[in-house]
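**Student:** Please find the sequence and the predicted model below.
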Amino acid sequence: MTSLAPQFELLRPPVARQAIVPRPSKGAAARRLGVLPMPKLEWNAEVERATAHLYEKVKQVIPPVEWPFFAPYVKAINELKKKRNAVILAHNYQTPEIYNCVADFVGDSLQLAREAAKTKADIIVQGGVHFMAETSKLLNPDKVVLIPDLLAGCSLAASITGEDVRLLRERFPGVPVVSYVNTSAEVKAESDICCTSSNAVQVVESFGVDRVIFLPDEYLARWVANNTKVKIIAWKGHCEVHERFTGAELRKLREGDAGLQILAHPECPPDVLEEADFTGSTSAMSNWVRTKQPKRVVLVTECSMADNVQTENPNVEFVRPCNLCPYMKRITLPKILDSLVYLREEVEIDPAIAARARRAVERMVRLKH
Ligand code: SF4
């Protein structure tokens, strides 16, 4: 244990954890609802006509030569969604053809969790990573929730287990536990409440106490500690995408371009946040660009975010130091189509864990904004 400042305590030395790969589902949804025939996937005049309005949205970020590959999938997925009464939730880090052309709801984890809670669809396909699909399942226990690739994990979620949280509770009896949504259902089940990067400070302060355990992202925890009087007991988990950015690379970008606006995600290391003109969640960054319309901006977060914000802000120039999330990028149009045809992979959570994890998520969703 290292004590860094009166208002911040960091636990656990860095130990690499193996990503936990969830088991394939038993195929209950496919047996109940049936498998559909795989649609024909060819580029022709009809597909071009049917998808022209969607290509308009992404033409700034997808070259015309690539569209004939995407368009047959886009058309087939949109038709299958209607047949299956399904919706697709796409995180801001999904590629532009998913985010703009097949998604029904887009946003950060909190926005997607809220949409998941409201949907009337029978099937939810998660364009995102496994913990997000688990969150959708927690809020929609009677719906079929599908993740198109089981290996769409997350380095943060893999950094902590339910057993770790139980040990922390023994060590700090009575101290509330706040878990970032980037955690497994098992970790959520051991927590009092969840948070996202857009509501972390509000959630920490909602207890009205002077100490809170905040898991598992060290850098987000430091950022929260800098924005509240509550003492933060943190865990040394990191996002492998955001931790690669450095303050030095941002200073270099700014040297050649004094007017450049730097927007950073709070999962980035502190030296990166020191260089930033604005720090916030992906939805906060998006809103900032929409309202301020800067001439040139760099979004210090996952690479696809700039493409997606670009489509909504054609007059803003985006400088792109590109760090891709290998887990988010496992979700592709062909895999989404497979999900809708074969109803795989179905997300399943042990009911006893789900009931406790749901409480933590619902407590967050109920907080006013
Ligand atoms: S960007 Fe980071 S936090 Fe988000 S899914 Fe990828 S590894 Fe996890």
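**Tutor:** Good, I have the coordinates. Numbering: from 1, shown residues only.
**Student:** Return the residues of the protein in contact with the ligand.
**Tutor:** Proximity of the chain to the ligand is confined to 129, 154-156, 182, 239-241, 302, 325, 327-328 under the rule C-beta under 6 Å from any ligand atom. Every C-beta, even on glycine, is put in place using the N, C-alpha and C of the backbone.
**Student:** filter those to the buried ones?
**Tutor:** Among the residues of the chain next to the ligand, those scoring as buried are 129, 154-156, 182, 239, 241, 302, 325, 327-328 (criterion: 16 or more other C-beta atoms under 10 Å).
**Student:** now, which of those residues lie within helices?
**Tutor:** Cross-referencing these against helices under DSSP state H gives no overlap.
**Student:** Present those residues as CSV; the columns should include distance to Arg84 and pLDDT.
**Tutor:** Shown next, in CSV, are those (distance: C-beta to C-beta, whole Å; pLDDT from 0 to 100):
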residue, distance to Arg84, pLDDT
Val129, 22, 96
Cys154, 27, 95
Ser155, 32, 94
Leu156, 31, 94
Asn182, 28, 94
Cys239, 33, 96
Val241, 32, 96
Glu302, 29, 94
Cys325, 27, 96
Tyr327, 25, 97
Met328, 23, 97
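**Student:** quick one: which of these sit in strands?
**Tutor:** Using DSSP state E, no member of those falls in strands.
**Student:** Lowest-scoring secondary structure element of the protein by mean pLDDT?
**Tutor:** None of the helices or strands of the chain scores lower by mean pLDDT, DSSP states H and E than strand 2-5, at a mean of 49.
**Student:** ranges for the strands of the stretch 51-200 of the chain?
**Tutor:** 86-91, 105-107, 123-127, 144-146, 177-180, 193-195 (DSSP state E, counting those that start in this stretch).
**Student:** Using TSV, lay out those together with mean pLDDT.
**Tutor:** Output for these, formatted as TSV (pLDDT from 0 to 100):
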stretch	mean pLDDT
strand 86-91	97
strand 105-107	94
strand 123-127	97
strand 144-146	96
strand 177-180	97
strand 193-195	95
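**Student:** for those strands, which one sits closest to Thr246?
**Tutor:** strand 177-180 (22.5 Å; C-beta to C-beta).
**Student:** Distance check, the spatially most central residue of the chain against Ile233.
**Tutor:** For the chain, Ser109 is the residue whose C-alpha lies nearest the centre (C-alpha atoms, centre = their mean; 4.8 Å). Counting by C-beta to C-beta, to the nearest Å, the gap from Ser109 to Ile233 is 22 Å.
**Student:** hang on, the earlier thing: with distance to Asn287 added, can I get the residues of the chain next to the ligand in JSON lines?
**Tutor:** Output for these, formatted as JSON lines (distance: C-beta to C-beta, whole Å):
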{"residue": "Val129", "distance to Asn287": "23"}
{"residue": "Cys154", "distance to Asn287": "24"}
{"residue": "Ser155", "distance to Asn287": "27"}
{"residue": "Leu156", "distance to Asn287": "24"}
{"residue": "Asn182", "distance to Asn287": "21"}
{"residue": "Cys239", "distance to Asn287": "21"}
{"residue": "Glu240", "distance to Asn287": "26"}
{"residue": "Val241", "distance to Asn287": "21"}
{"residue": "Glu302", "distance to Asn287": "17"}
{"residue": "Cys325", "distance to Asn287": "21"}
{"residue": "Tyr327", "distance to Asn287": "25"}
{"residue": "Met328", "distance to Asn287": "21"}
